[in-house]
Every structure is written in structure tokens, then in C-alpha cells.
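*Asks:* this one's sequence-less:
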């Protein structure tokens with residue numbers, strides 16, 4: 001027999017209709033639908049956590065259904081939780097993320113769904129899912145990164161090996177092999193579970209014989225002999241060192257290697273080598289710009305540049321893009337898009353911004369490239385690495401006093417500042433959505449998005465526009481969601497594009 005809950009004196013008891021009425025909160029994460037398992041958690045705690053999550057923009061379902069994307073449990077025994085989930089007979093169970101309460105609390109602290117890490121996943125359930133669910137259920141993984149939500153760094157032991165192989169093939173100008181391993185790494189990163197046997201990869205796309213052979217080595221021995229051989233190879237080590245310098249690409253690095261150069265000092269002491277301005281500054285500030293940039297430092301630069309931009313044009317728009325927009329805590333540089341509602345003024349806005357930063361004494365190096373944007377040349381027949389918008393590649397001085405918590409790592413010295421790599425691009429406002437999508441990345445996500453557009457939709461997509469080759473017309477877009485809608489794709493949030 002259930003008793004009515006005791007209400008402390010002086011506290012008004014809510015009428016049933018008041019207690020049941022949900023508060024209307026703004027939904028910020030429409031593609032994440034949580035279900036909190038009441039067992040072990042308790043009704044009152046579940047109610048409190050539900051309201052907390054909804055207040056932060058999450059959707060929390062009261063009933064377990066096929067709309068749910070994330071099941072969160074606290075204190076439940078894995079075997080009994082799985083038994084209960086299996087009895088629910090959900091058709092989409094293999095694609096649901098079954099997570100520990102630690103993922104929920106981390107997400108509440110960040111105010112957004114955090115990347116799922118191995119520690120968040122109730123691991124004992126994973127093998128059961130793989131064994132008990134029909135084999136056809138695994139075919140849910142798309143060959144296109146733009147149809148996969150990649151928020152994790154899962155399967156890192158495999159993806160790190162694939163990245164070494166991809167980089168080695170890139171140094172050898174074997175682009176097909178390089179792309180193959182990058183696609184394989186992208187697929188494994190998107191999986192919510194660790195791969196524990198090759199059998200579980202049977203239906204996964206983009207995993208060729210070579211990739212599976214590397215995985216098999218790692219599963220058996222804990223490492224790949226092929227990857228270890230590459231890591232110890234002198235040419236690979238030298239090219240990796242040289243390409244870590246701002247302004248030095250694989251071809252230049254290989255040319256120096258073929259000349260017998262093996263160190264920075266050997267390059268700088270060789271009078272026959274003429275470094276361009278970018279490379280000179282790359283060596284000059286190498287100690288600073290070769291280190292990782294923290295999220296706090298990126299936010300500090302955002303405030304500095306935003307203040308300068310709006311002092312010039314009050315209605316200008318500045319957006320932080322790149323890895324930091326995708327939720328990363330560290331990056332190798334900081335990317336921004338800056339534009340203005342006044343068509344044709346974006347190029348002058350960028351030049352005026354550079355002049356202002358120069359007068360402030362915080363612009364250490366600038367490579368400015370004026371706009372060559374011309375709609376009559378679009379769509380381009382083949383993808384070009386750089387778009388036609390006005391842009392600049394900078395090295396900026398960032399003072400420790402501007403960074404919340406100060407500079408990170410070994411930059412906390414008496415000098416009180418560090419040099420940071422910054423990229424700025426300035427598209428016209430009506431092409432802003434395309435530039436934002438392209439500059440946000442990740443590179444593999446963008447590559448597959450363009451491939452999907454071309455192969456599946458007969459469209460051409462780049463940082464400038466989206467062109468329908470069947471209708472022979474450009475498709476307008478004011479937001480990234482408009483672009484996804486034109487392509488018939490579900491919208492994927494920036495933090496889910498870490499392919």
C-alpha cells in the first residue's frame with residue numbers, strides 16, 4: 001500500500017495538475033533525448049535531475065521509447081539493466097547510448113552534452129549488445145561522416161595508429177591510401193563502444209583489409225609493428241619535425257630532407273636556403289606556436305578581436321570556428337569568421353581590423369590575401385583547398401592578463417605573453433553560412449559532406465555556395481541548418497562533427 005508523501009507544515013501542497021505540469025524550457029539540443037532510469041536513482045532525485053537537465057536546454061523523456069537517444073543510469077547493476085532494456089523491445093536499442101550518471105553530471109557542468117568517453121559508457125553492456133542484437137542492426141553506420149555523430153575519441157588505440165599511417169602516406173604523396181586510413185579512423189571515432197574483436201567490425205564501412213590487419217595486430221599484441229616501424233623511420237621523423245613549422249608543407253620538408261638536412265639548426269645555418277616571411281616567423285615564434293592553444297586562450301582572443309571589430313563596425317559579426325566551435329579544449333590555432341551586413345564592405349572591414357590590431361602592437365605577423373570572390377566563376381569544377389574570400393594568416397601576441405586563469409603550461413613565465421596562430425576569413429554575409437560550415441570542420445566531415453552532395457544529391461558544395469546541378473541553380477542558405485535541409489540531411493551540431 002502506497003502512502004501519500006508527507007508535506008512539511010507551512011509548505012503549500014501543489015494540486016495534481018500543478019505538480020504534473022511541465023515547465024516550458026528552451027530546447028537547445030534537439031537531437032539528444034535523455035531517459036533517466038528511476039531504479040536505484042529514486043523518484044525524487046530523478047525528478048530533480050530531470051528539471052535540471054530541462055533548465056539547461058536538454059530534452060528529457062518521461063517514458064522509455066524509440067525517441068530516446070541516451071539512457072542514463074545511476075548505481076544499476078549492468079546485467080540487470082541490460083535485462084530490463086532488452087525486455088523493453090526497442091528496435092533502435094543498438095544505437096542508444098547507455099551511459100553512467102557521470103556523463104550526465106559532466107554535461108550539466110558544461111551546459112551541453114559532453115563528448116562520450118570510455119569512462120562514461122557502461123562497458124559490460126557493450127558485448128551483450130553486439131552479441132544479442134541481430135547482425136543487421138550494425139548496418140546503421142553510414143559511409144559518410146556527415147551522417148554520423150562523432151563526439152568521442154573512442155577506439156583511440158586504433159585511430160592513433162591510423163593517423164600515423166595516413167600521415168606517412170601523405171608524406172609519400174599517396175593520397176588515396178592517406179584518405180582511406182583517415183576514413184577508417186573517422187568511422188571508429190564515431191562508435192559509442194570499444195572494438196574488442198574484428199568480428200564486431202564486419203558491417204562497418206571504410207575498413208579495408210589493410211586497416212583490419214593493423215587492428216588485428218593491435219588486438220593481439222597491444223601495438224602495430226608497421227606503425228612502430230614508421231615512427232622510428234628517420235625520414236618520417238624529419239618530415240614531421242619540419243612540417244611542424246608554420247609555412248612549411250610536405251613538399252618543402254621533403255626537399256630539405258633530400259638535401260641532407262635533419263634539424264632546424266641545419267636549415268637556419270644553410271645560407272643557400274631562402275626562407276619566405278611566413279617560414280621566418282614560423283621559426284622565430286616556434287616555441288610558442290608549436291604548443292597547444294587552450295580554450296581559455298581562444299576565448300581571450302575572441303574578446304580582444306571582437307572589441308576591435310565592433311569599434312570599427314558596430315553591426316559586424318565575429319564567430320569563433322574550427323575545433324573550438326566543435327567543443328575541443330585545445331587546438332593548434334584559432335580560426336574566426338568576420339563579416340558585415342553591408343555587402344562589399346567585408347574586405348575593407350578585414351583590412352581596417354588588421355590596421356587596428358597593428359596599432360595596438362599585438363600583430364606580430366600578417367599574411368593578408370585579398371578577396372578574389374566572383375560568383376561568375378562558380379561553381380568550381382574541382383574542390384580547392386582555399387576559398388576565394390578575403391583572409392589572413394596571423395601570429396598575434398596574447399597577454400596573460402587577458403586569459404582567465406593565465407596562460408597554460410610552460411608559458412607561465414616572467415615574459416607574461418605568448419604568440420598564437422590566428423586565421424581570419426571574411427565572406428559576404430549571404431555566403432556566411434557556407435563559410436561557417438566549411439571553416440568549422442572537421443576536415444573529414446567537410447570532405448564527406450561534399451562527397452555526399454556530389455554523389456547522392458547531384459549538387460556541388462564548397463565554402464562559397466551550394467549548386468544544384470539537376471536544376472542548374474544556386475540554393476540560398478542563411479544558416480547551416482538551411483544547407484543540411486537542402487541536402488536532405490539531419491542537422492548535426494558542431495560538437496558532433498569531430499570526424
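*Replies:* Great, that's in hand. None of these values were measured; they are calculated from a predicted model. Numbers count the residues shown, from 1 in each chain.
*Asks:* So which elements touch the helix or strand hosting residue 467?
*Replies:* Secondary structure from DSSP states H and E places residue 467 in strand 466-468. When contacts are defined as 3 or more CB pairs under 8 Å, 6 or more residues apart in numbering; DSSP states H and E, strand 466-468 packs onto strand 459-461, strand 473-474, helix 480-487. (C-beta placed from N, C-alpha, C; glycine too.)
*Asks:* which neighbours does it have in its sheet, and in what orientation?
*Replies:* As defined by DSSP bridges, the strand partners of strand 466-468 come to strand 459-461 (antiparallel), strand 473-474 (antiparallel).
*Asks:* from these, which stretch is densest packed?
*Replies:* Most buried of these by mean neighbour count (mean count of other CB atoms under 10 Å) is strand 459-461; its value is a mean of 22.
*Asks:* for that strand, what is the average pLDDT?
*Replies:* Here strand 459-461 scores 96 as its mean pLDDT.
*Asks:* again with stretch 59-78
*Replies:* Across stretch 59-78, the average pLDDT comes to 88.
*Asks:* Stretch 429-448 now?
*Replies:* Throughout stretch 429-448, pLDDT has a mean value of 96.
*Asks:* And stretch 391-398, by the same measure?
*Replies:* 97.
*Asks:* now do stretch 110-119
*Replies:* Mean per-residue pLDDT for stretch 110-119: 75.
*Asks:* do the same with stretch 320-327
*Replies:* Mean predicted confidence for stretch 320-327 is 96.
*Asks:* Point out where the stretch 251-400 of the chain drops to low pLDDT.
*Replies:* Counting by pLDDT under 70, the ranges of the stretch 251-400 of the chain that qualify are 383.
*Asks:* Please, where are all the strands along it?
*Replies:* Under the criterion DSSP state E, counting those that start in this stretch, strands of the stretch 251-400 of the chain are mapped to 293-294, 317-320, 330-331, 334-339, 363-369, 390-399.
*Asks:* Please identify the most buried of the ones you listed.
*Replies:* The highest mean neighbour count among the strands of the stretch 251-400 of the chain belongs to strand 334-339 (a mean of 25), with neighbours defined as mean count of other CB under 10 Å.
*Asks:* distance between it and the chain's centre?
*Replies:* Centroid separation for strand 334-339 versus its chain: 16 Å, with CA atoms, centre = their mean, to the nearest Å.
*Asks:* One more: stretch 57-66?
*Replies:* Shown here is stretch 57-66, whose average C-alpha point lies 26 Å from the average C-alpha point of the whole chain (CA atoms, centre = their mean).
*Asks:* Now the terminal residues of it, how far apart.
*Replies:* Stretch 57-66 has an end-to-end distance of 20 Å (criterion: CA to CA, to the nearest Å).
*Asks:* my guess is residue 167 contacts residue 240, does it?
*Replies:* Yes: the pair residue 167 / residue 240 is scored as a contact, 7.2 Å apart, by CB atoms under 8 Å.
*Asks:* returning to that earlier point: which residues are in contact with the strand holding residue 467?
*Replies:* If you take CB atoms under 8 Å, 6 or more residues apart in numbering as the criterion, strand 466-468 is touched by 378-379, 434, 453, 457-461, 473-475, 477, 483, 486-487.
*Asks:* would you turn the strands paired with strand 466-468 into JSON lines with distance to residue 279?
*Replies:* Listed next are these as JSON lines, based on distance: least, CB to CB, whole Å:
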{"stretch": "strand 459-461", "distance to residue 279": "33"}
{"stretch": "strand 473-474", "distance to residue 279": "39"}
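*Asks:* looking at the ones you listed, which is closest to residue 211?
*Replies:* With CB to CB as the measure, strand 459-461 is the member of those nearest residue 211 (27.2 Å).
*Asks:* who touches the closest one?
*Replies:* Strand 459-461 is contacted from outside by 379-380, 434, 449-450, 453-454, 466-469, 475, 483, 486-487, using CB under 8 Å, 6+ apart.
*Asks:* rerun that using 7 Å as the cut-off
*Replies:* Here strand 459-461 makes contact (CB atoms under 7 Å, 6 or more residues apart in numbering) with 379, 449, 450, 453, 454, 466, 467, 468, 469, 487.
*Asks:* Next: stretch 365-376.
*Replies:* Outside stretch 365-376, the residues that touch it by CB under 7 Å, 6+ apart are 278, 281, 347, 354, 388, 389, 390, 391, 392, 393, 394, 395.
*Asks:* distance between the ends of that stretch?
*Replies:* According to CA to CA, stretch 365-376 extends 33 Å from its N-terminal end residue to its C-terminal end residue.
*Asks:* so where's the stretch 1-150 of the chain shaky on pLDDT?
*Replies:* For the stretch 1-150 of the chain, the stretches with pLDDT under 70 are 1-24, 94, 116-119, 123-139.
*Asks:* what ranges do the strands span in it?
*Replies:* Listed in chain order, the strands of the stretch 1-150 of the chain (DSSP E, counting those that start in this stretch) span 33-36, 59-60, 70-73, 97-100.
*Asks:* list the helices and strands the third one packs on?
*Replies:* Strand 70-73 is packed against strand 33-36, strand 97-100, helix 101-110, with contacts defined by 3 or more CB pairs under 7 Å, 6 or more residues apart in numbering; DSSP states H and E.
*Asks:* does residue 102 really touch residue 120, like I thought?
*Replies:* Yes: counting by CB atoms under 7 Å, a contact exists between residue 102 and residue 120, whose distance comes to 5.8 Å.
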